[in-house]
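Trainee: sequence below, structure please.
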Amino acid sequence: VTNATSMEMIINQMPGIDVLDGQASIRGGSGYSFGAGSRVLVLIDDLSILSADVGDVKWQYLPVENISQVEIIKGASSVLYGSSALNGVINIRTAYPKSKPRTKINMFSGTYMNPRRTELIWWERQPVFAGASFFHSVKKENLDIVIGSYLYTDEGYRENEDDKRARFNMNLRYMDRKIRGLFYGLNMNTMYQDKIDFLLWQDADSGAYRQNLTAIPRVHAFRINVDPYIEYSGEKGTKHSLKTRFFRVSNVFKDEPDKDNESAQYFGEYKYNRDFKDKIIWNTGLSITYSNVIANLFGDHNSLNTAIYSQFDFKALKNLKLSAG
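Mentor: Got it, this is the predicted structure:
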């Protein structure tokens, strides 16, 4: 058991995967691409959580307090998942209630010790970090409810690199009483963060843990995603699924308002699945993504992406399967 404060810490413990400065690389396949988007697609409940503006993932935003499992595809998966999956896919699935209610509360605190080189010590007292998380899941007849929250503060071992964040997430799923196989729900996650990134040290000697005063970018960030969905599993192996997501990102630099930016992404996907007595499986669907970005630094822009897909899987022989799409 590890006290992970971000999903990045969990991913880094998995073999063949490294996260450097927020950039995930699977088996070294994507190299270092800071500021140029992510070549590893990161999903939450099968929906992309890459931002609309720079296509990155904020690992601190992902709900470590509400995770049931993490699925990883190591290797190029762009044929099925698009160009963001050139180096693989990380799919994070949030939890749903089991037969018994479950409540989990976690609190922690720690401190940074002094470095061996005393000239690097910039603090008068030891910098500290602390946090607390809450998770509760329960079934109320046909309604599944999951609630999670997370608080974290970190003074940092490097000067002017503090981090404060608060997160709240919720999963709701309702099984229809009248129509068997029909259920619909709403997932959401939101986080506010006040932080300074360590960009440039003062010098390579005693100032290695002190940030250059001309490069202190304090940002107030807000993120939220809201995911309504509906699914129906009918007779004769049919399944209909409609998943949608609204994802908004806002970054405010109070000292440098010319760097302020915000983005909104709207995603929707309809999928139809039909299983013909385990001999032929047919998947088809429609996907639409619209993004709008407002930024003083690199200009306003928007994009629209639509796709239609269809695939057949045939069980030709006992040990032979064929796919066409």
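
Trainee: where does pLDDT dip in the stretch 51-200 of the chain?
Mentor: Within the stretch 51-200 of the chain, the stretches with pLDDT under 70 are 78-80.

Trainee: pretty sure Asp260 contacts Val252?
Mentor: Yes: counting by Cβ atoms under 8 Å, Asp260 touches Val252, with 5.4 Å between them. No exception for glycine: its C-beta is placed from N, CA and C like everyone else's.

Trainee: partner residues bridging Leu43?
Mentor: Beta-bridge partners of Leu43, counted by DSSP bridges, are Ser48, Asn91.

Trainee: burial of it, as a residue count?
Mentor: By the measure other Cβ atoms under 10 Å, the count of residues near Leu43 is 19.

Trainee: could you check how far the residue lying closest to Asn225 once chain neighbours are set aside is from Thr153?
Mentor: Among residues not flanking Asn225 along the chain, Phe247 sits closest, at 4.4 Å (Cβ to Cβ, 6 or more residues apart in numbering). From Phe247 over to Thr153 the distance is 26 Å, taken as Cβ to Cβ, to the nearest Å.

Trainee: comparing those two, which shows the higher neighbour count?
Mentor: More crowded of Phe247 and Thr153, by other Cβ under 10 Å: Phe247, with 23 against 16.

Trainee: show residues contacting stretch 4-15.
Mentor: The contact list for stretch 4-15 (Cβ atoms under 8 Å, 6 or more residues apart in numbering) reads 2, 17-19, 22, 24, 59-60, 62, 64, 70, 72, 90, 92, 129, 131, 152, 154.

Trainee: likewise stretch 238-248?
Mentor: Contacts with stretch 238-248, where a contact means Cβ under 8 Å, 6+ apart, come from 46-47, 49, 51-52, 222-234, 262-275.

Trainee: buried sites along whichever strand or helix holds the residue nearest to Asn225?
Mentor: Assigned by DSSP states H and E, Phe247 falls within strand 238-252. Neighbour-count burial for strand 238-252 flags His240, Ser241, Leu242, Lys243, Thr244, Arg245, Phe247, Arg248, Val249, Ser250, Asn251, Val252 (criterion: 16 or more other Cβ atoms under 10 Å).

Trainee: just the buried subset of the contacts of stretch 238-248, please.
Mentor: Buried members of those, counted by 16+ other Cβ under 10 Å: 46-47, 49, 51-52, 223-225, 227-232, 262-269, 271.

Trainee: of these, which belong to strands?
Mentor: Of these, the ones assigned to strands by DSSP state E are 47, 223-225, 227-232, 262-269, 271.

Trainee: and which of the buried residues of strand 238-252 is nearest to Asp163?
Mentor: For the buried residues of strand 238-252, the residue nearest Asp163 by Cβ to Cβ is Asn251; the value is 14.5 Å.
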